[in-house]
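**Student:** Show me how the following folds:
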Amino acid sequence: MKTIIIVSAAIAALSLSTPTNLSAKKVLSDNVVIQLQDKEVKYQEITVDEVPKAISETLSKTYSGYKTDGAFKGDDGSFKLNISKDESKLVLYFDDLGKLIKAEKPESDLKMQAPASEKPKP
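**Tutor:** Numbering: from 1, shown residues only. The predicted structure is shown next:
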């Protein structure tokens, strides 16, 4: 009878500690992902025809009327597209599966909009 109680207590103790260990591994895994995202990505120009179908579909649905001014593939498998429509210009970033990560104005547009005290001197 003592053996059954001791074995039951040991099993209960082990089952409580296992989820904690799994959670710790998940946190470590998330930290690795964060560190990888901080890595500087180098892009090489590609043709618009080389852009994956998933990205092309997102462009036609979400950014209808925009034209692609440049397409680039990152050394991490991601994609960067420069698009424009009239006076509006955007830089779109996609992951390797074609999911939109972020959209932002080009750096050149941001410099032009900076206050006089922040504009770079020639």
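**Student:** Now do the phi/psi pair for the closest residue to T62 other than its chain neighbours.
**Tutor:** Spatially, and ignoring its direct neighbours in sequence, T62 is nearest to L100 (7.5 Å; Cβ to Cβ, 6 or more residues apart in numbering). Heads up, the C-betas are built off the backbone N, CA and C, glycines and all. With angles defined as degrees, to the nearest 10, L100 sits at phi -70, psi 120.
**Student:** can you tell me the distance between the two ends of stretch 87-98?
**Tutor:** Using Cα to Cα, to the nearest Å, the end-to-end distance of stretch 87-98 comes out at 26 Å.
**Student:** average pLDDT for that stretch?
**Tutor:** For stretch 87-98, mean pLDDT is 92.
**Student:** And stretch 59-71, by the same measure?
**Tutor:** For stretch 59-71, mean pLDDT rounds to 94.
**Student:** first to last residue in that stretch, what's the distance?
**Tutor:** End-to-end distance for stretch 59-71: 12 Å, by Cα to Cα.
**Student:** Tell me which helix or strand comes right after the helix or strand of the chain with the lowest mean pLDDT.
**Tutor:** Sorted by mean pLDDT, DSSP states H and E, the helices and strands of the chain end with helix 2-37, the least confident at a mean of 47. Remark: after helix 2-37, the chain's next helix or strand is strand 43-46, criterion DSSP states H and E.
**Student:** mind listing what the closest residue to K85 other than its chain neighbours touches?
**Tutor:** What sits nearest to K85 in space, not counting adjacent residues and going by Cβ to Cβ, 6+ apart, is Y66, at 4.4 Å. Contacts for Y66 (Cβ atoms under 8 Å, 6 or more residues apart in numbering) come out as L59, I83, S84, K85, S88, L90.
**Student:** for these, which one is nearest G70?
**Tutor:** Sorting the contacts of Y66 by how near they are to G70, with Cβ to Cβ, puts I83 at the top with 8.7 Å.
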